[in-house]
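J.: Sequence first, then the predicted structure:
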Amino acid sequence: MTIRLYNTLTKRTEPFVPLDGKAVRIYSCGPTVYNFAHLGNLRAFLFTDILQRVLRVVGGYNVRWVMNITDVDDKTILGSALCSQTWLPEMGGQTSDANANLRLFTDYYSKAFFDDLAAIGIQKSDFVAIPRATDYIAEMQDLIRRIFDAGFAYISEGSIYFNLNEWRKHAKYGRLFTIDAENFQQGVRIDADEYDRESVSDFVLWKARKDGEPYWDFDINGVSLPGRPGWHIECSAMGQSLLGLPFDIHTGGVDLRFPHHEDEIAQSMAGYGCETSNFWCHNEFLEVEGRKMSKRFGNFFTLRDLMNRGLEALDIRFAMMSAQYNSVLNFTFFGIESAAKARRRVQEFIYDLHEPPTAESNTVVNTEELQEQLYSALADNLHTPKALERLFAFMNENRPINIAASSRNALLGVFGKMNDIFAVWEIKPRPSREIPEKVKILAERRWQAKKERNFAEADALRAEITLAGYAMKDGKDSYTLENI
RNA sequence: GGUCUCGUCGCCUAGUGGCUGGGCAGAGCUCUGCAAAAGCUCCUACGGCGGUUCGAAUCCGCCCGAGACCUCCA
């Protein structure tokens, strides 16, 4: 099925076709590993996960997915510096080698990042590579040399800058974002950078070494410029190295459109002489309890924070799918509860489909039509809310018990396909719970007591069963025991 | 100041000019000593004011309100 995606480059929703007609090459801006992933990060990663899953399952494509890890920047350097407040004992012992400290620090958060990915159902095996920026320093330097040789970079105070004024004479700057240079609000963050720049809008390609900070040697144009890469250059170099330019889809949060992605386009065009990506797809931000997530508002959460509160990662994954990726999502605790219940309802439906049919099971289901509806919703710019609506509408119209045996496998197939994308259910029979013998006996005694209308005794036994961690649910002629 | 997005049932999220979207919450019923689960039923909203139209939540205008981005925050 043809998939349509909103392309920030053309500002239109367009049918997607891989450039080489076969495999889809996706590059996603990954995390800067200076802290644990927060909800906003998760939304960005989940968006790309859904994207690549839809391309595989609905589009039938092979996908080559790369997500980078930024392990060198101001924050990671700050965090790994000697005497840093954020250095944890678990990271190991610091030495006088700043590069080694940086590695220890970012290793720690990279590992945490992979754990978080696994928790929210993103499989490492779906990536062809998860490159770390510091493993591609040579490639970045090569690109910087190319840009310099092409005349679009200059050296100042030991740093190298991209010359935007020069670049603007050759190409459009502002492909993803309407840039009105006259109206840049002056003075907010500009002063934060102590390096000299020719123009206020030039961005750094290579930052001069500072005392006590990590650095890499770099010889360019006959001079030695020890230092470290700028942020934007990382993605350009890794994208080219691992996927080749132009690739099919570049993803990231809306905030990255400018300047990060804009600069990436300029760099790659200036240095490699080619476009970066055919499609640019950006996920919107999320709000938490109606406000922008911020420590100031007390609504800033990492995945770990939420799991420590007893929330399930897959409920969070499911909740994120209740809004389309390119609209602002209001993340609330009530919303998580809603998501948890809705998710469980689907799971129960799947379990029930595995139960043996009865005499009532004679509804033949048009599974092709259902799948078509679900697929076309997802193919429509990853419209997960629409797909879920169709799924629930179907469930409302059909009870599992009534569905004919002949339809069940096909229907489970459809649910399986959905789960290949949503990845929050299990497609198998209801697991039989191992109930401790002790609890079984208590339950049996209570059932007897109840039949004898000895309710005081029954209630006492129910309390014991509850204490043991089980809920006893009475039916008409039998009861069930469930884990609490 | 510039650019842009959005205001839908208690909450969250869809939406086509006309045929009451979905989830969660809530209400009633069935069931029922209690509790829970499950099933059935109900819950007709679209920021305000004008306009276009036979008909608008959906198109146009104005207003009000919320939010985002504007040089390294996903």
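T.: Thanks, I have the structure now.

J.: Just give the closest residue to the closest residue to RNA strand B within the stretch 251-400 of chain A, not the sequence neighbours.
T.: Nearest residue of the stretch 251-400 of chain A to RNA strand B (C-beta to the nearest atom of the strand) works out as A:G253 at 1.1 Å. C-beta coordinates here come from the backbone N, C-alpha and C atoms, glycine included. Sequence neighbours aside, A:A44 is the residue nearest to A:G253 in space, at 5.0 Å (criterion: C-beta to C-beta, 6 or more residues apart in numbering).

J.: Quick one: residues contacting the one you found.
T.: A:28-29, A:251-253, A:283 (C-beta atoms under 8 Å, 6 or more residues apart in numbering).

J.: Mind doing that once more with 7 Å?
T.: A:252-253, A:283 (C-beta atoms under 7 Å, 6 or more residues apart in numbering).

J.: what's the spacing between it and RNA strand B?
T.: Counting by C-beta to the nearest atom of the strand, to the nearest Å, the gap from A:A44 to RNA strand B is 4 Å.

J.: how about the strands of the stretch 51-200 of chain A, start to end?
T.: All strands of the stretch 51-200 of chain A, identified by DSSP state E, counting those that start in this stretch, fall at A:62-67, A:127-129, A:153-156, A:159-162.

J.: Export these as TSV, with columns for mean pLDDT, distance to A:N278 and mean neighbour count.
T.: Supplementary listing: the strands of the stretch 51-200 of chain A in TSV, determined by pLDDT from 0 to 100; distance: least, C-beta to C-beta, whole Å; neighbours: other C-beta atoms under 10 Å:
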stretch	mean pLDDT	distance to A:N278	mean neighbour count
strand A:62-67	97	14	20
strand A:127-129	97	18	16
strand A:153-156	91	26	18
strand A:159-162	91	23	25
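
J.: can you tell which of the ones you listed is closest to RNA strand B?
T.: Among those, strand A:159-162 sits nearest to RNA strand B (C-beta to the nearest atom of the strand), with 9.1 Å.

J.: So what's the gap between that closest one and the chain middle?
T.: Relative to the centre of its chain, strand A:159-162 is centred 32 Å away, using C-alpha atoms, centre = their mean, to the nearest Å.

J.: Say whether RNA strand B is contacted by that strand.
T.: No. If you take C-beta under 7 Å from any atom of the strand as the test, strand A:159-162 misses RNA strand B, and the best it gets is 9.1 Å.

J.: Could I get the CA-only coordinates of stretch A:400-414 as CSV?
T.: In CSV, the C-alpha atoms belonging to stretch A:400-414 read as follows (Å, rounded to 0.1, in the frame of the first residue of the first chain):
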residue,chain,number,x,y,z
PRO,A,400,-15.0,-12.6,20.3
ILE,A,401,-17.3,-15.3,21.5
ASN,A,402,-19.5,-14.8,18.5
ILE,A,403,-16.8,-14.9,15.8
ALA,A,404,-16.9,-18.0,13.7
ALA,A,405,-14.0,-20.4,14.1
SER,A,406,-13.3,-20.0,10.4
SER,A,407,-12.7,-16.3,10.8
ARG,A,408,-10.5,-16.4,13.9
ASN,A,409,-7.1,-17.2,12.4
ALA,A,410,-7.5,-14.5,9.8
LEU,A,411,-8.6,-12.0,12.5
LEU,A,412,-5.7,-12.9,14.7
GLY,A,413,-3.6,-12.3,11.6
VAL,A,414,-4.9,-8.8,11.4
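
J.: In that stretch, which residues are buried?
T.: Buried residues in stretch A:400-414, counted by 16 or more other C-beta atoms under 10 Å: A:400, A:403, A:407-408, A:411-412, A:414.

J.: which ones among those residues are found in helices?
T.: Applying DSSP state H to the buried residues of stretch A:400-414, the entries found in helices are A:407-408, A:411-412, A:414.

J.: Where does the residue nearest to A:G416 when sequence neighbours are not counted fall, secondary structure wise?
T.: Nearest residue to A:G416 in three dimensions, chain neighbours excluded: A:I427, at 4.9 Å (C-beta to C-beta, 6+ apart). For A:I427, there is no enclosing helix or strand under DSSP states H and E.

J.: what separates A:I427 from RNA strand B, distance-wise?
T.: On the measure of C-beta to the nearest atom of the strand, A:I427 and RNA strand B end up 19 Å apart.

J.: Let me know how buried that residue is, in neighbour terms.
T.: Residues lying near A:I427 (other C-beta atoms under 10 Å) number 17.

J.: need the contact list for it.
T.: A:I427 neighbours (C-beta under 7 Å, 6+ apart): A:350, A:412, A:415-416, A:419.
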